[in-house]
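> let me see the structure of the following:
(2 chains)
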Amino acid sequence: MIEVEGLTRYYGDFAAVQDATFSIGEREIVGFLGLNGAGKSTILKVLAGLLMPSAGTVRVGGIDALEQPDALRTKIGFLPEEPPLYREMRVHEFLRWVGQAKGCSAAQVDAELPKVIELCDLGTMAHKVIAELSHGYRKRVGIAQAIIHRPDVVILDEPISGLDPHQIVEMRQVVRSLKERATVLISSHILSEVAVTCDRVLVIHQGRIVAEGPTDELAQEGVADAVALTLRGDAEGVKAALKASDDVDSVQVREVDGAQRADVKLTEGGARERLVAHLVEVGIGVLAVQDPVSELERAFLQLTRGDASAAATQEKAS
Amino acid sequence: MVARRDLAAYLNNYWGYAIVAALLMLEGLMFNAFALTDRPKYSAQVIEEFFYLTFGFVCFASVILSMRVVAEERQTGTLVLLDASPLQPWQIIVGKYLSAMTMVMFMVACTAYMPALVLVNGKVSYGHLFAGYLGLGLLASATVGLGTLASTISRSQLVAGIVGAVLVVTLVVSWFLAKIVDPPLRDIFSYVSLLDRHFRGFMRGQINTEDVVFFLSIAFVGLMSSTRFMAARRWR
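This is a model prediction of the structure:
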């Protein structure tokens, strides 16, 4: 559905996106994860036909963004972080207007309107003036305007920003339901949100894609055959005890808040419960047993903390 | 479609009516004070003064009513709805222009009671009235075109209002500038004078093709420039 190759976008001398290459299939929900200013919104705006790429190619449904920007715009539904709404209009009037502005006939919009209103749960608000709606409902109207013309791709820029926890849960349901109609792209700087909502994730940092893959795989990568232990004792004693176990393949130990944090890679067939029993048997206090940090979290943590500081906190066991 | 929405935005907001009402009230007062004086005058003279007064109000209304057309959308973030649509820049600009023109022409139409008063109590040529109102319409087409351009190139409505006012006032007072500069600037300023060179004929009931072409040219330049600017800004 979406093919991006070598996408680069400059603002003056500043490269907001550098050499981004990725492809996205039909009916996927893909999250663009990154810090503020990472380049997420720039990529989404290029895909929405709002910005011209400085270099590279962008194709959506076989349409080249540079050659046919108008055709591209009919295939895309776009919701910026702040929903673009004509506040003086009523919800149904606004959605009709957007549908027609996107090139649909009045009959097509009238046929689509009830479905969109139901999908976005706007039934009770359809005849209200937009200015009277809460922030959560305005976001829903924003999504409704992005899908009223049945686009192939729906782009949502920070769809949960400014929502309360209850509204976030409802918004997730709305976003998940969009998958039945279109490919959905979401940008967010909130890791947990992307992990919960998206099928795949692209981690963006300083305009470059630094990690990519299915959310489940990234979330599980490095988790299934590993364990993170918080142990009481001195570092050398802990290392020796761990290495003495047949369940341990390799281990990294570092001191955290006066305790020893051990990231353990288990051997094939290694079991957490045997390892814990062994540690207790040799007199090491086991304070906590947790899943280790996933690759997704690790990539994101490196972005938020900086590669250097993340590396500095890890001490390799010999 | 753009025109329909924009017109609804004018009509659904009290300030659109408030501006038109305030301008009409001011013009009525000025018409009463300056045109309908105790000094004996020919009806044609009163009508000429009416068109002279209305000229100023049309210029003012054009700037005020057109300053929002694009700048407001940029300020409120709704311009992305148009940018992300397959609508062509010229369709957007013409739609917005037509909505502002409709409001200005509505105001102009509301001034009809003033010449009607003269018509009841005096002798007025319908041709004179037709020429005068045609001139006002052409003037509005030009000044709204300039206001639309100002709104398209400005980030805020306030700046758009200032830029639009500067453009229109420059063209209005260019007859004065023509007196204080040397050729060839003198000829240029003299030619572009909205009031002195191109509107006085309409005030007197004369329709000159040159004036018609001039006003339409200004409108065209305003709309063409707006379209070019919008296209360049939209896809950059």
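
> so which bits of chain B are right by chain A?
B:1-2, B:5, B:8-9, B:12-13, B:76-88, B:234-236 (CB under 8 Å from any CB of the partner chain). Backbone N, C-alpha and C define where each C-beta goes, glycine included.

> helices - which of those residues land there?
Among the residues of chain B next to chain A, the members found in helices (DSSP state H) are B:2, B:5, B:8-9, B:76, B:79-83, B:234.

> may I see the residues you listed arranged in a markdown table, with neighbour count and pLDDT as well?
As requested, these are exported to a markdown table (neighbours: other CB atoms under 10 Å in any protein chain shown; pLDDT from 0 to 100):
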| residue | neighbour count | pLDDT |
| --- | --- | --- |
| B:Val2 | 21 | 87 |
| B:Arg5 | 20 | 89 |
| B:Ala8 | 16 | 87 |
| B:Ala9 | 19 | 85 |
| B:Thr76 | 13 | 91 |
| B:Leu79 | 19 | 92 |
| B:Val80 | 20 | 91 |
| B:Leu81 | 23 | 92 |
| B:Leu82 | 20 | 92 |
| B:Asp83 | 23 | 90 |
| B:Arg234 | 20 | 78 |
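
> pull the most distant pair out of these.
B:Ala8 and B:Arg234 (23.4 Å; CB to CB).

> do a quick rundown of the helices in the stretch 51-200 of chain A.
Shown for the stretch 51-200 of chain A, the helices assigned by DSSP state H, counting those that start in this stretch span residues A:69-75, A:91-101, A:106-119, A:135-147, A:165-178, A:191-197.

> now A:Glu158. Nearest residue, chain neighbours left out?
Among residues not flanking A:Glu158 along the chain, A:Glu81 sits closest, at 4.3 Å (CB to CB, 6 or more residues apart in numbering or on different chains).

> quick one, domains of chain A?
Residue ranges for the domains of chain A, per automatic domain parsing: A:2-219, A:222-293.

> which one of those is the most hemmed in?
domain A:2-219 (a mean of 19; mean count of other CB atoms under 10 Å in any protein chain shown).

> quick one: mean pLDDT for that domain?
The average pLDDT within domain A:2-219 is 89.

> on that earlier part again, can you redo the domains of chain A as TSV with distance to B:Ala22?
Listed next are these as TSV, based on distance: least, CB to CB, whole Å:
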stretch	distance to B:Ala22
domain A:2-219	21
domain A:222-293	66
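
> for B:Pro183, find the nearest of these.
Closest among the domains of chain A, using CB to CB: domain A:2-219, at 42.7 Å.

> show me the one of the domains of chain A that comes nearest B:Pro40.
domain A:2-219 (50.3 Å).

> run the chain-centre distance for that closest one.
12 Å (CA atoms, centre = their mean, to the nearest Å).

> mind listing what's buried along the longest helix anywhere in chain B?
Using DSSP H, we find that the single longest helix of chain B is helix B:126-153. Across helix B:126-153, burial judged by 16 or more other CB atoms under 10 Å in any protein chain shown covers B:128-129, B:131-133, B:135-153.

> now for the residue lying closest to A:Gly77 once chain neighbours are set aside: which residues touch it?
Leaving out its chain neighbours, the residue that sits closest to A:Gly77 by CB to CB, 6+ apart is A:Ala146, at 3.4 Å. For A:Ala146, the contact set (CB atoms under 8 Å, 6 or more residues apart in numbering or on different chains) comprises A:77-79, A:154-156.

> now these in TSV, with distance to A:Gly162?
Converted to TSV, these look like this (distance: CB to CB, whole Å):
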residue	distance to A:Gly162
A:Gly77	20
A:Phe78	18
A:Leu79	13
A:Val154	19
A:Ile155	18
A:Leu156	13
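
> sorry, back to before: packing partners of the longest helix of chain B?
Applying 3 or more CB pairs under 8 Å, 6 or more residues apart in numbering or on different chains; DSSP states H and E, we find helix B:126-153 packed against helix B:43-66, helix B:71-76, helix B:89-110, helix B:157-172, helix B:200-203, helix B:209-234.

> distance between the shortest one and the chain's centre?
In other words, helix B:200-203. On CA atoms, centre = their mean, the centre of helix B:200-203 falls 16 Å from the chain's centre.

> and the residue in the stretch 151-300 of chain A positioned nearest to chain B, what are its bridge partners?
Per CB to the nearest CB, A:Ile155 is where the stretch 151-300 of chain A lies closest to chain B, at 9.2 Å. Going by DSSP bridges, A:Ile155 is paired in beta bridges with A:Phe78, A:Leu185.

> my guess is it contacts A:Leu47. True?
Yes - proximity of A:Ile155 to A:Leu47 meets the contact threshold set by CB atoms under 8 Å, at 6.1 Å.

> hey, what's in contact with both of those two?
By CB under 8 Å, 6+ apart, the residues touching both A:Ile155 and A:Leu47 are A:76, A:185.

> who in the stretch 201-318 of chain A is up against chain B?
So the stretch 201-318 of chain A never meets chain B (CB under 8 Å from any CB).

> which stretches of the stretch 201-318 of chain A have low pLDDT?
A:218-224, A:293-318 (pLDDT under 70).

> how about the strands in it?
A:208-214, A:226-232, A:248-256, A:259-266, A:285-290 (DSSP state E, counting those that start in this stretch).

> for the fourth one, name the packing helices and strands.
With contacts defined as 3+ CB pairs under 8 Å, 6+ apart, the packing partners of strand A:259-266 are strand A:226-232, helix A:235-243, strand A:248-256, helix A:272-281.

> next, the angle from the longest one to strand A:226-232.
For helix A:272-281 against strand A:226-232, the angle between stretch directions is 20 degrees (axes from the mean of the first three to the mean of the last three CA atoms, to 10 degrees).

> which other helices and strands contact helix A:272-281?
Helix A:272-281 packs on strand A:226-232, helix A:235-243, strand A:259-266, strand A:285-290, going by 3+ CB pairs under 8 Å, 6+ apart.

> how far off centre is that helix?
Distance, centroid of helix A:272-281 to centroid of chain: 37 Å (CA atoms, centre = their mean).

> list of residues touching that helix?
A:227, A:229, A:231, A:241-242, A:244-245, A:247-248, A:264, A:266, A:286, A:289.

> run the last query once more with 10 Å
By CB atoms under 10 Å, 6 or more residues apart in numbering or on different chains, the list of residues contacting helix A:272-281 from outside reads A:226-227, A:229, A:231-233, A:238, A:241-242, A:244-248, A:262, A:264, A:266-267, A:271, A:284-286, A:289.

> could you do the shortest one as well?
The set of residues external to strand A:226-232 that reach it, using CB under 10 Å, 6+ apart, is A:237-238, A:241-242, A:247-253, A:256-266, A:270-272, A:275-276, A:279, A:283-294.
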